[in-house]
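Novice: got a predicted structure plus its sequence, pasted below:
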Amino acid sequence: MNVHLLKVKWKEGELQQNTYVVEQKDGCILIDAGVPLEEIRKITDKPISAVMLTHAHFDHIEYIEEYDRLNIPIYASIYAERSMLDPSLNVSNMIRPKVYHVSRIYELKDNETIKLGEIEVKCLYTPGHSRDSVCYLIGDKLFSGDTLFSVAIGRTDFPDSNEKDMIDSLSRLDKLEYSELYPGHGRVSNKEEQNQNIKQWLNILKQF
Ligand SMILES: [Zn+2]
């Protein structure tokens with residue numbers, strides 16, 4: 001299994017998003033949809049069997065309609081669609097309000113495992129940064145969206161953020177077994193680094 005990181009640089013401010021291509025022998029899946037298909041095709045011409053959304057903030061779903069038009073199945077939490085359709089929840093109202101329409105979302109339950117070709121993906125519901133936030137565990141690799149970064153955690157000051165949920169989600173990830181961390185922004189990390197990072201942020205969050 002190969003993981004390719006595609007960094008998207010937004011014109012607006014310093015915002016940068018990580019979309020991942022998880023490639024196996026016969027196909028690949030995308031974690032988030034921050035890049036257009038033509039960027040994926042520079043890396044691989046293998047069929048895309050799914051787009052897995054970590055959450056529906058605009059920087060993670062900007063090209064989701066393009067993949068939907070190609071009939072590529074979209075997986076996300078049960079709360080993602082409501083965010084896609086509301087600029088205050090997908091936070092596109094911070095730069096230019098936008099809604100995103102897709103034909104169907106396959107809604108994932110907490111702890112649900114799906115098999116996509118040779119790739120098994122386990123969905124962990126981790127609200128806090130947003131109500132629709134999930135992490136995906138693929139083998140020993142954790143794709144954490146904006147819940148967890150290499151040396152930080154996701155913001156909890158958005159309309160559907162929840163600090164209490166963030167504490168619960170981080171505590172859960174703290175106990176989880178994995179080796180590599182692939183976050184929605186910034187550089188790649190690992191479990192060892194997160195043993196420190198998560199505890200440090202849990203201490204800060206619990207002070208308030
Ligand atoms: Zn976000």
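Specialist: Yep, it's here. Numbers count the residues shown, from 1 in each chain.
Novice: who touches the helix of greatest length in the chain?
Specialist: What stands out as the longest helix in the chain, according to DSSP state H, is helix 191-206. With CB atoms under 8 Å, 6 or more residues apart in numbering as the test, helix 191-206 has contacts from 148-153, 163, 166-167, 170-171, 173-174, 177-181, 189. (C-beta placed from N, C-alpha, C; glycine too.)
Novice: can you do 7 Å?
Specialist: Applying CB atoms under 7 Å, 6 or more residues apart in numbering, the contact partners of helix 191-206 are 148, 150-151, 153, 163, 166-167, 170-171, 173-174, 178-179, 181.
Novice: likewise stretch 7-26?
Specialist: The contact list for stretch 7-26 (CB under 7 Å, 6+ apart) reads 1-6, 28-35, 40, 43-44, 46, 59-60, 95, 117-119, 138, 143, 182-185.
Novice: what's the per-residue pLDDT of Gln207 here?
Specialist: Gln207 is assigned 87 on the pLDDT scale.
Novice: and the residue most central in space within the chain, what does it touch?
Specialist: Central residue of the chain (CA atoms, centre = their mean): Thr54, 2.5 Å from the mean position. With contact set as CB under 7 Å, 6+ apart, Thr54 has these partners: 31-32, 60, 133-135, 143, 145-146, 184.
Novice: rerun at 10 Å
Specialist: Shown in contact with Thr54 (CB atoms under 10 Å, 6 or more residues apart in numbering): 18-20, 31-32, 60-61, 76-77, 80, 126, 129-130, 132-136, 143-147, 154, 182-184.
Novice: neighbouring strands of the helix or strand of the chain with the lowest mean pLDDT in the sheet, and parallel or not?
Specialist: For the chain, counting by mean pLDDT, DSSP states H and E, strand 2-9 ranks last in confidence among helices and strands (a mean of 89). Using DSSP bridges, the strands paired with strand 2-9 in its sheet are strand 16-23 (antiparallel).
Novice: quick one on the thing from earlier: show me how far the longest helix of the chain is from its chain's centre.
Specialist: Distance, stretch centre to chain centre, for helix 191-206: 20 Å (CA atoms, centre = their mean, to the nearest Å).
Novice: the ion contacts on this structure?
Specialist: Within the chain, the residues that sit near the ion (CB under 5 Å from the ion) are 57, 146.
Novice: what about 8 Å?
Specialist: Within the chain, the positions near the ion by CB under 8 Å from the ion are 55, 57, 59-60, 91, 129-130, 133, 145-146, 154-155, 158, 184.
Novice: no further queries at this time; thank you.
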